[in-house]
Structures are given as C-alpha cells and as structure tokens.
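Novice: coordinates for the following, if possible.
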Amino acid sequence: MAEGTSFFINGMEFNFVIRTQFFISDLPARSLFLQTTYFNGYYACHYCVTKGLWSGSIVVYPYHHNDLKLRSHAEVIAAAKEAEKNSTGKRITNVQGVKAVECWKAKHSRLFVLNIGLPIGITCLPVLNASHWAIYCVAIKLLHAPESIEDINFAERLINYYCRTISEVYDQSLEYYSLHAHLHLPAQVRLHGGLSFCSAFTFESCIRYIKKQVHGTKHLASQIAYWYDMENIVKNKIFEVPSSTGVNQIDLNNEQLDTSISSPRIIQHCTINDLNAAAS
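Specialist: I've put the predicted structure just below:
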C-alpha cells in the first residue's frame, strides 16, 4: 500500500497509491469491523477514554463524567494486545430481544432531524422540550452542510450545551454512548467535511448493485471484478428515443375521414367557429 501499484499502458508506467481516508458505518458495524467494544459497553468511544456508567439496565455516558482525553495509537495497540491475551476464544451471546423491531431506519431519522422534526417539535412539545430539541436540530443542520468554520464552531457549542443539559431536561437514562459520540462530530466535520458528504446512502445503493454481481459464497471479490470488467468490455447498444409517430394535424378533406357523415359536420362546425371568432 505504501509503494502503490503500477500499471503499464502503451509502454508507459503509471503508479497509483491508494490511501483509505475513512469508512462509513453504523455503530454496531463499526465495532464489528474494528473489533472494539460495542456502543452499549463501558468504553464504547474510540476517540476518547470516557468510561460509561451502569444505570438501571443500561450503560450511560453522563456529560459531567466525560474524560475527553483522546486515545493514542500506542494505547489502542496495548489494549488490543491485552484483549487478545485475556480472550477465551469463545463467543458468549445472550438471548436477543425484539424491542427494536419498530425502530426507525437511518433514513427516517435523517429526514426527521433535517426537515420536519423542528416544526413538529415546536408545535407539539412543551416550551422547555421544544427549545432543547431546536438546539439539536440547528446543530445537526449546521454540521450537515457548513458554509464556514464559524458554522462548525457554533454547532460545537450547541452540541456541548445540548449534551450538558439533557439530564436536566429529561433524566440521566438518555445519556447513551450515541449521545456522547455527538461531542466528536464537529472534529470529524473539520477533518472530512460536512455530514452530507459522508452519507452512507449512496454506498448502500452501490452495495445493492454490487450484490447482483455475486453468485454463491466463494471468491466474491473475483466475481465482482470479473463481471465489472465484462460490463466495460461488452459495448452496450445505445438507446435512441424513437421519433413521434403521432399525427399533429388532420386535413379535413382527407380521404380517411367519412365524407358522408363526419366531414360536413366538422367543416360546418369549424366554419361556424371561424365566423364567430371573426365577428368578435
């Protein structure tokens, strides 16, 4: 990866260096990919060293308990070695519940926060809750497509205020890791651009297209590469829009018209209309 890959085209060498900027996923997929603690664990944040607290039946991340010291590469490697050393080699699972069957998908939450959530919240919620909800909507809207660095800075202050006061507006049970992760969103926007440019929706559509190139469960990458090459090698027939075959004008004296019935009536009707139009 460091030296890249070389291609020879017409006797000329072209060197390509591929670098991974980031990958987009939801919280469970990220933990599975990085082999880190899941979002409902004590050390779910992979940016800082904040430890969650057990509250009732869930793990919460209270704002006043945050330790925003960033993780270092050496600490991550050390933690990975310790986890590997203490691993039993067996996967321990519990009986899965059905509480999340009716939960929204990401696209529904995105639509609600960016477009319709604020007017609905102001109309239906009490003043305190509506004001708190408005802070969140404005902050996410600014980070979605910031026009300047000032927008990001302002959104960062709003998010900090929102996370700091959520336990006062509601209660501590809402301080999940997903809420804590919002504190790092402004830094991600400064690094990678607005949230709108890091959307996973386009990649989900691409995955659906790539899935059609795969048959079975073996050699998936080779299958995708093969069928992609075949689509580019085989020339597809250019689709041409056919010209209109409809008739825009009909001659009243055309032989296809029934001269015994239709023509006199049509001609008489047109003649009367023309006379009325001329008279007016």
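Novice: what number of residues lie near Cys103?
Specialist: Other residues near Cys103 come to 8 when the count uses other C-beta atoms under 10 Å. Bear in mind the C-beta positions are built from the backbone N, C-alpha and C, glycine included.
Novice: SS state for it?
Specialist: Classification of Cys103 using DSSP: H, G, I helix; E, B strand; the rest coil returns coil.
Novice: how much space separates it from Tyr38?
Specialist: Going from Cys103 to Tyr38 by C-beta to C-beta, to the nearest Å gives 16 Å.
Novice: next: Lys211.
Specialist: As judged by C-beta to C-beta, Lys211 and Tyr38 stand 26 Å apart.
Novice: name the helix or strand for Phe39, please.
Specialist: Counting by DSSP states H and E, no helix or strand carries Phe39.
Novice: spit out the contact partners of the residue nearest to it when sequence neighbours are not counted.
Specialist: The spatial neighbour of Phe39 that comes closest, neighbours along the chain excluded (C-beta to C-beta, 6 or more residues apart in numbering), is Leu27 at 4.1 Å. Neighbouring residues of Leu27 by C-beta atoms under 8 Å, 6 or more residues apart in numbering: Tyr38, Phe39, Ala44, Tyr177, Ser178, Ala181.
Novice: just Trp133 next, same as before
Specialist: If you count contacts by C-beta under 8 Å, 6+ apart, Trp133 has them with Gly117, Leu118, Gly121, Leu125.
Novice: CA atoms only: put stretch 186-197 into CSV for me.
Specialist: Extracted C-alpha coordinates of stretch 186-197, given in CSV (Å, rounded to 0.1, in the frame of the first residue of the first chain):
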residue,chain,number,x,y,z
PRO,A,186,-17.5,18.8,14.9
ALA,A,187,-14.0,17.5,14.9
GLN,A,188,-15.0,14.9,12.2
VAL,A,189,-16.6,17.7,10.1
ARG,A,190,-13.4,19.7,10.3
LEU,A,191,-11.4,16.7,9.2
HIS,A,192,-13.6,15.2,6.5
GLY,A,193,-16.2,17.9,5.5
GLY,A,194,-19.9,18.2,6.2
LEU,A,195,-22.1,15.3,7.2
SER,A,196,-23.8,15.5,3.8
PHE,A,197,-20.6,14.5,2.1
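Novice: measure the closest residue to Thr165 other than its chain neighbours to Tyr161 for me?
Specialist: Spatial nearest neighbour of Thr165, excluding adjacent residues (C-beta to C-beta, 6+ apart): His132 at 6.9 Å. His132 is 9 Å from Tyr161, where distance means C-beta to C-beta.
Novice: looking at those two, which is more packed in?
Specialist: Between His132 and Tyr161, counted using other C-beta under 10 Å, the more crowded position is His132 (19 against 15).
Novice: can you tell me the helix or strand for that one?
Specialist: Going by DSSP H and E, His132 is part of helix 127-144.
Novice: what about that helix, average pLDDT?
Specialist: Across helix 127-144, pLDDT averages out at 93.
Novice: what mean pLDDT does stretch 148-167 get?
Specialist: Averaging pLDDT along stretch 148-167 yields 94.
Novice: would you put the C-alpha positions of that stretch in PDB?
Specialist: Extracted in PDB, the C-alpha atoms of stretch 148-167 (Å, rounded to 0.1, in the frame of the first residue of the first chain):
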ATOM      1  CA  SER A 148     -17.800  28.400   7.100                       C
ATOM      2  CA  ILE A 149     -15.600  27.400  10.000                       C
ATOM      3  CA  GLU A 150     -17.800  29.700  12.200                       C
ATOM      4  CA  ASP A 151     -20.800  27.400  11.500                       C
ATOM      5  CA  ILE A 152     -18.800  24.400  12.800                       C
ATOM      6  CA  ASN A 153     -17.700  26.300  15.900                       C
ATOM      7  CA  PHE A 154     -21.200  27.400  16.700                       C
ATOM      8  CA  ALA A 155     -22.600  23.900  16.200                       C
ATOM      9  CA  GLU A 156     -19.900  22.600  18.500                       C
ATOM     10  CA  ARG A 157     -21.100  25.000  21.300                       C
ATOM     11  CA  LEU A 158     -24.700  24.000  20.700                       C
ATOM     12  CA  ILE A 159     -23.900  20.300  20.900                       C
ATOM     13  CA  ASN A 160     -21.900  20.700  24.100                       C
ATOM     14  CA  TYR A 161     -24.800  22.700  25.600                       C
ATOM     15  CA  TYR A 162     -27.300  20.100  24.400                       C
ATOM     16  CA  CYS A 163     -25.300  17.100  25.900                       C
ATOM     17  CA  ARG A 164     -24.600  19.000  29.100                       C
ATOM     18  CA  THR A 165     -28.300  19.800  29.800                       C
ATOM     19  CA  ILE A 166     -30.100  16.700  28.600                       C
ATOM     20  CA  SER A 167     -30.100  15.100  32.000                       C
END
